[in-house]
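> starting from these lines, generate the structure:
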Amino acid sequence: MKPTEIRNIAIIAHVDHGKTTLTDALLRETGAEKEGASMDSNTLELERGITIYAKNASLMYKGTKINIVDTPGHADFGSEVERVLRSIDSVLLVVDAQEGPMPQTRFVLKKSLELGLRPIVVINKIDRPAADPHRTEEQVLDLFLELGASDTQAHFPIVYAIGKQGIAKLKLEDESKDLSPLLDTILSHIPPASSQVLREKPLLFQPFNLGYDNFLGRLAVARIYEGTVKPNMNVFIKKPRGLIGESLPGQGETRTGKITKIFSFNGIQKVEAPLIGAGDIALIAGLPDIYIGETVTDNEGSPPLPAIAVDEPTIELSFLVNNSPFAGKEGKYVTSRQLREYLKREIEVNVGLRVDFSSTEYFRVSGRGELHIAILLENMRRAGYEVQVSQPRVITKEENGVLLEPFEEVIVDTPQEYQGIIIERLGKRGFVLTNMSQTQEGVSVRIFFEGPTRGLLGYRSQFVIDTKGEGILSSRVVGFRKHAGEIQKRVVGSMISMATGKALGYALWYLQERGVLYIGPGTGVYEGMVIGNTAKGEEMMVNPTKGKAFSNVRSKAADEAIVLTPPYTLTIERGLEVMTEDEFLEVTPASVRLRKQHLTENERVKHRRN
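Residues are numbered from 1 along each chain as shown. Okay, the predicted model is just below:
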């Protein structure tokens, strides 16, 4: 029986440009999935409406198997994209016809071009009111040339699409009812991933992702580069020498293993297979200690494949055991050993994360951005863990005696009337305006800035307030540059509880005039817990548990109604933004609280003296 032809593609784009919607439409059209099924199946992904984890699927079209990897669009999850690109043969670069290329478009395209891939450009959402496909096409070509694309790469095919309706066309004026023009372009543009010569070679594959099964344990998701893989095969596993290997013990070592079961993808489901050949993407069980980036072969003499290179983290913070007065009331896992085990499991699959376990008091965790860390904390709390974390700090390094820090390119889309306040705020935070253009004549503008990552920490919530929720802010790390010196940030003080108990509406009614409250009536508080901020920038000790004193003397104010402003409820992202250097963010399965590192006033005074 002649083996099926295979094509391997990844769908890459900026966040919200329609990758997952387009993938879902492709699967539905080819009958790989039923109506209503989606690649975004994780609870957090469904809640937030974004892709966080790279996921695999496959479909059959005209007798050819097309393996698709749907990737995240947010810059903080760039490591998910980087490790996938090594295992595929081409990419669909999806660009919004209205917004054009955005920061993450540049990041993912740069990585693809460096690997020599020839992208197919999909200009999506051509039905949007302000869509301008011709302008977007010119901007994409400019971006290709700016990133040093070769002549072959710069002659990319273009497909116009409306992912939501499942329509694609090669020319704007074409009539189309389905996505067949896109699928035909994939078949004609991307070379087959397999051949008889590759299938006859010794087995060689490298996991780019890990899965888990309650019965089979850890599963390796891998592209079979050479040979064929079968159940009950004895294999050699070689550790890589390189970036990912730095976090793994015993670089360059070889150990043995036995494959028990293999699966291929059918739609988004995994299906057990008797044999999977070169060019296909497989799920492999039986290797309980397999890591991303390791090389698996049945020939002991084969050299290991190069390690999967991932950009370095930009921010770090300390994870500590929760030692607040409310510790252990809500979580199942609260000890240092349990936190260590969770973080060790996480760095196996989350290649953008780094964890330093050398200290006995805390774990130093480094990540790609605030959202990257916030998703990690959200997953921990949902798994029943309690933890407290310090304020995020940017990672600096020194080269030739010069202090360097991470810089970011920021692109802001905003109504025209808010551009002044945005330029002023970011200017104070060390950002320099590099370009400005009108996206809709007289209505909205796009502003480009460059500046230090630490200037962006804590700004996003202020941005939402300044633009009344109408602005869009996206960013990407552009590398390490000379330290920008002191920057100005919005300074607010902390409103600190001096008592333990339940917060009462009467006390909060008076306190809300002094600043923004983080809690509502009935919330449990303890001494040293931060319950709000003060507009004047000073620390203020307050008693939120104070009730109204009753007497038998009538007064005009006695029956005055208490009207409370809704609190600024803390989420993990908000907490990471508003916290100061001397505070911890306490994260438990049911609560997110802000607290001082030293709970009593006496302890804080002693610490300041020392």
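
> poorly predicted segments of the stretch 1-150 of the chain, please.
For the stretch 1-150 of the chain, applying pLDDT under 70 flags the ranges 1-3, 32-42, 45, 47-48, 51-52, 75-76.

> which stretches of it form helices?
Listed in chain order, the helices of the stretch 1-150 of the chain (DSSP state H, counting those that start in this stretch) span 19-29, 43-48, 78-85, 103-114, 133-146.

> buried ones in the last one, by neighbour count?
Put plainly, it is helix 133-146. The neighbour-count check on helix 133-146 (16 or more other Cβ atoms under 10 Å) flags 133, 136-137, 139-141, 143-144 as buried. Placement of C-beta: from N, CA and C, glycine included.

> show me where the stretch 151-300 of the chain has its strands.
Assigned by DSSP state E, counting those that start in this stretch, the strands in the stretch 151-300 of the chain fall at 158-162, 167-169, 204-213, 217-226, 228-229, 234-238, 254-258, 261-266, 269-272, 276-277, 281-285, 295-297.

> relative to Thr565, which of those strands is closest?
For the strands of the stretch 151-300 of the chain, the distance to Thr565 is smallest for strand 158-162, at 43.1 Å, taking Cβ to Cβ.

> the closest one to helix 133-146, inter-axis angle?
130 degrees (axes from the mean of the first three to the mean of the last three Cα atoms, to 10 degrees).

> quick check: mean pLDDT across strand 158-162?
When pLDDT is averaged along strand 158-162, the result is 91.

> ok, it: who's next to it in the sheet?
Strand 158-162 has the following sheet partners, assigned by DSSP bridges: strand 120-124 (parallel), strand 167-169 (antiparallel).

> now the strands of the stretch 151-300 of the chain as CSV including distance to Val530?
Conversion of these to CSV gives the following (distance: least, Cβ to Cβ, whole Å):
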stretch, distance to Val530
strand 158-162, 48
strand 167-169, 52
strand 204-213, 38
strand 217-226, 41
strand 228-229, 55
strand 234-238, 49
strand 254-258, 49
strand 261-266, 48
strand 269-272, 46
strand 276-277, 55
strand 281-285, 46
strand 295-297, 49
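
> who does the longest strand seen in the chain pair up with?
Looking across the chain with DSSP state E, the single longest strand is strand 402-415. According to DSSP bridges, strand 402-415 forms sheet pairs with strand 397-399 (antiparallel), strand 444-452 (antiparallel), strand 472-482 (antiparallel).

> got the angle between that strand and helix 103-114?
Between strand 402-415 and helix 103-114, the angle formed by their directions is 120 degrees, by the same axes, to 10 degrees.

> hang on, the earlier thing: just curious, which of the buried residues of helix 133-146 is nearest to Val355?
Leu143 (35.0 Å).

> wait, that closest one touches Met102, no?
No: if you go by Cβ atoms under 8 Å, Leu143 and Met102 don't touch, sitting 10.3 Å apart.

> and the helices of the stretch 1-150 of the chain: which comes nearest Ala220?
Distances from Ala220 to each of the helices of the stretch 1-150 of the chain were compared using Cβ to Cβ; the shortest belongs to helix 78-85, at 12.6 Å.

> picking that back up, buried ones in the longest strand of the chain?
Taking 16+ other Cβ under 10 Å as the neighbour-count basis, strand 402-415 is seen to contain the buried residues 404-414.

> same question, stretch 571-590
Neighbour count says stretch 571-590 has 572-580, 583-589 buried, by 16+ other Cβ under 10 Å.

> chain center to that stretch: distance?
Its chain's average C-alpha position is 18 Å from that of stretch 571-590, according to Cα atoms, centre = their mean, to the nearest Å.

> give me the mean pLDDT for it.
So the average pLDDT for stretch 571-590 ends up being 89.

> quote the end-to-end distance of that stretch.
11 Å (Cα to Cα, to the nearest Å).

> got it, and stretch 331-341?
One end of stretch 331-341 to the other measures 16 Å (Cα to Cα).

> who touches that stretch?
Outside of stretch 331-341, the residues within contact range by Cβ atoms under 8 Å, 6 or more residues apart in numbering are 319, 321-322, 327-328, 342, 357, 363, 381, 383-387, 588-589.

> helix or strand: which one has Glu586?
Under the assignment given by DSSP states H and E, the secondary-structure element containing Glu586 is strand 583-587.

> buried ones in stretch 393-400?
Using 16+ other Cβ under 10 Å as the burial criterion, the residues of stretch 393-400 that qualify are 394-395.

> just how off-centre is that stretch within its chain?
Here the centre of mass of C-alpha atoms in stretch 393-400, compared against the chain's by Cα atoms, centre = their mean, lies 23 Å away.

> could you dump that stretch to PDB, C-alpha only?
Extracted as PDB, the C-alpha positions of stretch 393-400 are listed here (Å, rounded to 0.1, in the frame of the first residue of the first chain):
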ATOM      1  CA  ARG A 393      11.700  42.700  38.300                       C
ATOM      2  CA  VAL A 394      13.300  43.000  34.900                       C
ATOM      3  CA  ILE A 395      16.400  40.900  34.300                       C
ATOM      4  CA  THR A 396      19.500  43.000  33.600                       C
ATOM      5  CA  LYS A 397      23.000  41.900  32.400                       C
ATOM      6  CA  GLU A 398      26.400  43.400  31.900                       C
ATOM      7  CA  GLU A 399      28.400  43.300  28.700                       C
ATOM      8  CA  ASN A 400      31.800  45.100  28.400                       C
END
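
> any idea how far Thr571 is from Leu599?
23 Å (Cβ to Cβ, to the nearest Å).

> ok, Gly522 next?
With distances defined as Cβ to Cβ, the gap from Gly522 to Leu599 amounts to 22 Å.

> picking up where we left off before, columns distance to Leu59 on top of the helices of the stretch 1-150 of the chain, output as a markdown table?
Output for the helices of the stretch 1-150 of the chain, formatted as a markdown table (distance: least, Cβ to Cβ, whole Å):
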| stretch | distance to Leu59 |
| --- | --- |
| helix 19-29 | 6 |
| helix 43-48 | 21 |
| helix 78-85 | 18 |
| helix 103-114 | 22 |
| helix 133-146 | 26 |
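
> so which of the ones you listed is nearest His372?
Comparing the helices of the stretch 1-150 of the chain by their distance to His372 (Cβ to Cβ), the top pick is helix 78-85, with 8.6 Å.
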